[in-house]
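K.L.:
Turn this into a structure:
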Amino acid sequence: MSVPIVVCGAAGRMGRAIIALVAEDSAAQLAAAVEVAGHPALGQDAGVLAGGKPLGVALTADYAAAAKPGTVTLDFTAAPAAVEHLRTAAANGAGIVIGTTGFNDAERKTIDEIAPRTRSVIAANMSIGVNVLLKLVEEAAAALGDSFDAEIVEIHHRLKVDAPSGTALALGRSAAAGLDRNFDQVKRLAREGIVGKRSDAEIGIVALRGGDVIGDHTVIFAGLGERLELSHRAQSRDCLARGAVRAGIWLASQPVGRYSMRDVLGL
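P.N.:
Purely as a prediction, here's the structure:
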């Protein structure tokens, strides 16, 4: 039986990519496509909007009506909207996969409170490759130990509004976990001016923005006389969309609880 999928942010680049993939996947079917009230695409057929054949699903602004028990929402909207969608999904007994980033402390606290009340997957990056990278970074950090300095460089397109990326922060947390450090205490988000020499414990992150880069991340472990670099480069948004669809199909058969992409992939 195919999983009924609701796509929030349906007219965006990620939303259209997800709709196209859902239309091709026999394990999923598009149940609803949601956009914000007043969006010019409201009422259009979601399949046509995604560049494919009509699917008989018109874009709607009524998420509450779409989030029915048994459905799974795939959400790539702005942070405040994603939190509200999570709240509605939990109230309605719907599953939800959130790939949105840029949450502030208050929003993260709300997510921590609500996400376990329904079936949910919350991840900074839905890419299968990135989630394997997260595991490799933790293992590498543990193996290399304190004699190597951990630094992260990421670049995204010029329209991305948050920095550093949620994925870069997740990679920093993975490195910190491998080194048995508290990431929030040791993170160093860029450097400017006379900052003094690098401390042994800090984990640095530098964010670059420009052009139409989908997303590149490199974790550098710099030692004395040698350097190990682990990189992931997204060549299209399809890698994120495919991971999200895979997560949604997987989540449909899980008990209530909050999950990560590591759970989805069995890592």
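
K.L.:
How about residues contacting the helix or strand containing residue 82?
P.N.:
Element membership for residue 82 (DSSP states H and E) is helix 79-92. Identification of contacts with helix 79-92 by C-beta atoms under 8 Å, 6 or more residues apart in numbering yields 8-9, 36, 63-64, 67-69, 73, 75, 77, 94-96, 98, 100-104, 107, 110-111, 114-115, 117-118, 120. Placement of C-beta: from N, CA and C, glycine included.

K.L.:
Now with 7 Å, please.
P.N.:
Residues from elsewhere that reach helix 79-92 (C-beta atoms under 7 Å, 6 or more residues apart in numbering): 8, 63-64, 67-69, 73, 75, 77, 95-96, 98, 100, 102-103, 107, 110-111, 114-115, 117-118, 120.

K.L.:
do the same with stretch 106-123
P.N.:
79, 83, 86-87, 89-90, 93-99, 103, 247, 251, 254, 256-261, 264.

K.L.:
Mind checking which of the contacts of helix 79-92 land in strands?
P.N.:
If you go by DSSP state E, those have 8, 73, 75, 95-96, 98, 120 in strands.

K.L.:
to the chain's geometric centre, what's the distance from the host helix or strand of residue 246?
P.N.:
Element membership of residue 246 [criterion: DSSP H and E] is helix 238-251. A distance of 10 Å separates the centroid of the chain from that of helix 238-251, by C-alpha atoms, centre = their mean, to the nearest Å.

K.L.:
next helix or strand past that helix?
P.N.:
strand 257-259.

K.L.:
Within the sheet, what are the partner strands of that next one, with directions?
P.N.:
Neighbouring strands of strand 257-259 in its sheet, by DSSP bridges, are strand 119-122 (parallel).

K.L.:
next one: the strand it pairs with to chain centre, how far?
P.N.:
Using C-alpha atoms, centre = their mean, the offset of strand 119-122 from its chain centre is 11 Å.

K.L.:
Repeat that for stretch 229-238.
P.N.:
14 Å.

K.L.:
How about residues contacting it?
P.N.:
Stretch 229-238 is contacted by residues 13-14, 17, 127, 129-130, 133, 136-137, 140, 214-220, 240 when judged by C-beta under 7 Å, 6+ apart.

K.L.:
Contacts only, for residue 96.
P.N.:
72-73, 75, 85-86, 89, 118, 120.

K.L.:
what's the answer for residue 131, then?
P.N.:
Applying C-beta under 7 Å, 6+ apart, we find residue 131 in contact with 125, 261-262, 265, 267.

K.L.:
Give me the contact list for the strand or helix carrying residue 170.
P.N.:
If you go by DSSP H and E, residue 170 is part of helix 166-179. By C-beta under 7 Å, 6+ apart, the surrounding residues in contact with helix 166-179 are 101-102, 124-125, 130, 134, 137-142, 146, 150, 152, 154, 182-183, 186-187, 203, 205, 207, 215, 217, 219.

K.L.:
Can you name the residues bridging to residue 120?
P.N.:
residue 96, residue 258.

K.L.:
For the remainder of this discussion, apply numbering that starts at 46.
P.N.:
In the new numbering, first residue 46, that becomes residue 165.

K.L.:
Which ones among the contacts of helix 211-224 map onto helices?
P.N.:
175, 179, 182-187, 228, 231 (DSSP state H).

K.L.:
Which among the contacts of helix 124-137 count as buried?
P.N.:
Neighbour-count burial (16 or more other C-beta atoms under 10 Å) is assigned, among the contacts of helix 124-137, to 53, 108, 112, 118, 120, 122, 140-141, 143, 145, 147-148, 152, 155-156, 159-160, 162-163, 165.

K.L.:
per-residue pLDDT, residue 145?
P.N.:
In this model, residue 145 is scored at 89, pLDDT.

K.L.:
correct me, but it touches residue 121?
P.N.:
Yes. With contact defined as C-beta atoms under 7 Å, residue 145 reaches residue 121; the gap is 5.9 Å.

K.L.:
which residues are common contacts for those two?
P.N.:
Common neighbours of residue 145 and residue 121 (C-beta under 7 Å, 6+ apart) do not exist.
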